[in-house]
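Visitor: Sequence and predicted structure, then a few things I'm wondering about:
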Amino acid sequence: MITFRTGTVTEIIRTRPGYAEVVVDIEGLKAKAICYTSLLGDINSGDEVVVNTTAVDLDLGTGGYHFVVWNLAKESLVSGTGGHIMKLRYTPMQLKCRAAEEESSPYYNALKQVVSIDEMPVIIGTLHSQLPAAAAVLKELRPELKVAYIMTDGAALPLALSNIVAELKQSRLIDMTITAGHAFGGDIEAINIYSALAAARHAARADVAIVAMGPGIVGSNTRLGFTGIEQGQIINAVNSLKGRAVAIPRISFQDMRERHYGISHHTITALTLAAMSPSAVTIPTMTGEREVTIQRQLSESGLEPLHRVERIDAGLTLDILKKRGLAPTTMGRTVEDEPEFFMAAGAAAIYAAGIAEDDNGR
């Protein structure tokens, strides 16, 4: 099912490169809509637009937005840059980009024969909301490190949708962005996660990479039906390319769904079923019943024999987020509501910063 409607733009709420939020009047009802201006060009009040209303009609969690498909104020449009790699392939919105792997790319020669990322630490999350804590702690501990963020196509595909990335780029907590697979809009486009990792090391010249999907993970009440399972596959890619994989566990003590309480089944399934090679799994130190719960889950899941569990005091994560003015949320819950969730990402950054420090001491 897909639903399109026609409406008139009545207000431009805000804009940033490649992105605009607007208010659209559809048959007398006003609603917010997102327009990717990197695809559709400028948008102005008074423009008639065609919007995809499917998600809002179904009351899905897209933040209550419609999406502009076409601006009827334009008779035709050519946007974007050169290149021949298609993303969103074989859909009405397919677009071309110049991927780093193409011969016309300035990175082609650097990537042509690459099969290693030279032991680069790679922090791997399962939710977009883990990104700010990981990036902020890395830059706080090692400001000289060059950090690349790789966005996979496990959730939102346009990088421009992410308020978090815009904020982290502006504050220089991430230096380069790479969009892998069908995700698009990064500083560098890559065809798959392997070449994205290679691009992080040899094109972006990153010291550390953080890999996580964009906003909007897809999940279900089944063992395998969630996009965060890609964490295990990414660990395999990192190890295949001779990198060092650092996995962020998804931890919650406020999520009332049993499958997400303590260490989420997303983490346990990704690490015990999808990952075919080991990673360092960073657990923030806790006390009391919460520590007992985490230890029991680690033991019962069979995760510990497969991966190296690192216990890390990551309390500084909360202070660093506050100092940087960052207020990420996870499933609508704040840093104060879910400190362990964000400390787990901070713990991964502390561990990765330590690896980079060891490398410099060789």
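Guide: That came through, no problem. Residues are numbered from 1 along each chain as shown.
Visitor: Do a quick rundown of the strands in the stretch 101-250 of the chain.
Guide: Residue ranges of the strands in the stretch 101-250 of the chain, as given by DSSP state E, counting those that start in this stretch, are 121-124, 147-152, 176-180, 188-190, 208-213, 244-247.
Visitor: closest to residue 231 out of those strands?
Guide: Residue 231 lies closest to strand 121-124 among the strands of the stretch 101-250 of the chain, at 5.4 Å (Cβ to Cβ). For glycine as for every other residue, the C-beta is placed from the backbone atoms N, C-alpha and C.
Visitor: Which neighbours in the sheet does the lengthiest strand in the chain have, and how are they oriented?
Guide: Using DSSP state E, we find that the single longest strand of the chain is strand 4-16. Taking DSSP bridges as the criterion, strand 4-16 forms sheet pairs with strand 19-26 (antiparallel), strand 48-52 (antiparallel).
Visitor: starting at the chain centroid, how far to it?
Guide: Here strand 4-16 is found 26 Å from its chain centre; the criterion is Cα atoms, centre = their mean, to the nearest Å.
Visitor: Low-confidence bits of the chain, can you list those?
Guide: By pLDDT under 70, the weakly predicted segments of the chain are 60-63, 357-362.
Visitor: what do you get if the cut-off is 90, keeping everything else the same?
Guide: Scanning the chain with the threshold set as pLDDT under 90 gives 1-2, 54-65, 77-82, 92-93, 216, 219, 221, 255-260, 331-332, 356-362.
Visitor: just the helices in it please.
Guide: Along the chain, counting by DSSP state H, helices occupy 37-40, 54-57, 108-111, 131-141, 163-170, 193-202, 230-240, 265-269, 288-301, 316-323, 339-360.
Visitor: got the angle between the longest one and strand 208-213?
Guide: It stands for helix 339-360. Between helix 339-360 and strand 208-213, the angle comes out at 150 degrees (axes from the mean of the first three to the mean of the last three Cα atoms, to 10 degrees).
Visitor: And helix 339-360, what's buried?
Guide: Buried residues in helix 339-360, counted by 16 or more other Cβ atoms under 10 Å: 339-353, 355-356.
Visitor: cool, the third one as well?
Guide: Of the residues in helix 108-111, those scored as buried under the neighbour-count criterion (16+ other Cβ under 10 Å) are 110-111.
Visitor: What separation is there between residue 137 and residue 324?
Guide: 10 Å (Cβ to Cβ, to the nearest Å).
Visitor: swap in residue 342?
Guide: 12 Å.
Visitor: the more surrounded of residue 137 and residue 324?
Guide: Set side by side, residue 137 and residue 324 show more neighbours around residue 137, with 29 against 19, by other Cβ atoms under 10 Å.
Visitor: Not counting its neighbours along the chain, what's nearest that one?
Guide: Leaving aside its chain neighbours, residue 137 sits nearest to residue 349 (3.7 Å; criterion: Cβ to Cβ, 6 or more residues apart in numbering).
Visitor: OK, contacts around that neighbour?
Guide: Going by Cβ atoms under 8 Å, 6 or more residues apart in numbering, residue 349 touches 123, 133-138, 141, 317.
Visitor: now with 10 Å?
Guide: 121, 123, 133-142, 147, 208, 210, 246, 248, 282, 312, 314, 316-317, 320 (Cβ atoms under 10 Å, 6 or more residues apart in numbering).
Visitor: ok so, going back, the longest strand of the chain vs helix 163-170, what angle?
Guide: 30 degrees.
Visitor: Now strand 4-16: buried residues?
Guide: The neighbour-count check on strand 4-16 (16+ other Cβ under 10 Å) flags 5, 7, 9 as buried.
Visitor: Dump those into JSON lines; add distance to residue 106 as well.
Guide: Shown next, in JSON lines, are those (distance: Cβ to Cβ, whole Å):
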{"residue": "5", "distance to residue 106": "42"}
{"residue": "7", "distance to residue 106": "41"}
{"residue": "9", "distance to residue 106": "37"}
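Visitor: tell me which of the residues you listed is nearest to residue 168?
Guide: Using Cβ to Cβ, residue 9 is the member of the buried residues of strand 4-16 that lies nearest residue 168, at 29.1 Å.
Visitor: With distance to residue 277 and mean neighbour count as new columns, can the strands of the stretch 101-250 of the chain be given to me in a markdown table?
Guide: Shown next, in a markdown table, are the strands of the stretch 101-250 of the chain (distance: least, Cβ to Cβ, whole Å; neighbours: other Cβ atoms under 10 Å):
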| stretch | distance to residue 277 | mean neighbour count |
| --- | --- | --- |
| strand 121-124 | 12 | 29 |
| strand 147-152 | 18 | 28 |
| strand 176-180 | 19 | 25 |
| strand 188-190 | 21 | 26 |
| strand 208-213 | 15 | 28 |
| strand 244-247 | 8 | 25 |
